[in-house]
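Student: mind folding the following:
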Amino acid sequence: MSKPIGHFTSYTINDGSLVESLQEEYGSTFERMTKHEKLFLISAIAAQLCDGCPGRCRDQIYVVGHQINSSLPKNDREGLLEALINQVRWGRSLTETEVLHNK
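Tutor: Sure thing, here's the model as predicted:
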């Protein structure tokens, strides 16, 4: 079962925030959005966060992205999406300098 959006954000009840407004409009678990709409929001947020993140992707990561999208079943792609979100939020990531030193 999905947890409410407030579980993942700094939302507090009656804070007048955008998150509160979104919950009122679309439900506390965004149950009043289609899957397509949720995936669009994931894409939009990820694109903006990526643009604001220093560095660039190695060429091989573009290849990996293509391999994932062309070879893995939908459930595995959704699982990877969940894992990557968790790792972006809570895990350690290499810096661009560490990537260059590991070549």
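Student: and the pLDDT at the residue most central in space within the chain?
Tutor: In the chain, the residue lying closest to the centroid (Cα atoms, centre = their mean) is residue 85, at 4.5 Å. pLDDT recorded at residue 85 is 95.
Student: and it, how far from residue 58?
Tutor: From residue 85 across to residue 58, the span is 20 Å (Cβ to Cβ, to the nearest Å). The C-beta positions use only the backbone N, C-alpha and C, and glycine is treated the same way.
Student: again with residue 88
Tutor: Residue 88 sits 17 Å away from residue 58, going by Cβ to Cβ.
Student: which stretches in the protein count as helices?
Tutor: For the chain, helices defined by DSSP state H occupy the ranges 18-26, 35-51, 59-71, 74-90, 96-101.
Student: pick the most deeply packed of these.
Tutor: Sort those by mean neighbour count, taking mean count of other Cβ atoms under 10 Å, and helix 18-26 sits at the top with a mean of 14.
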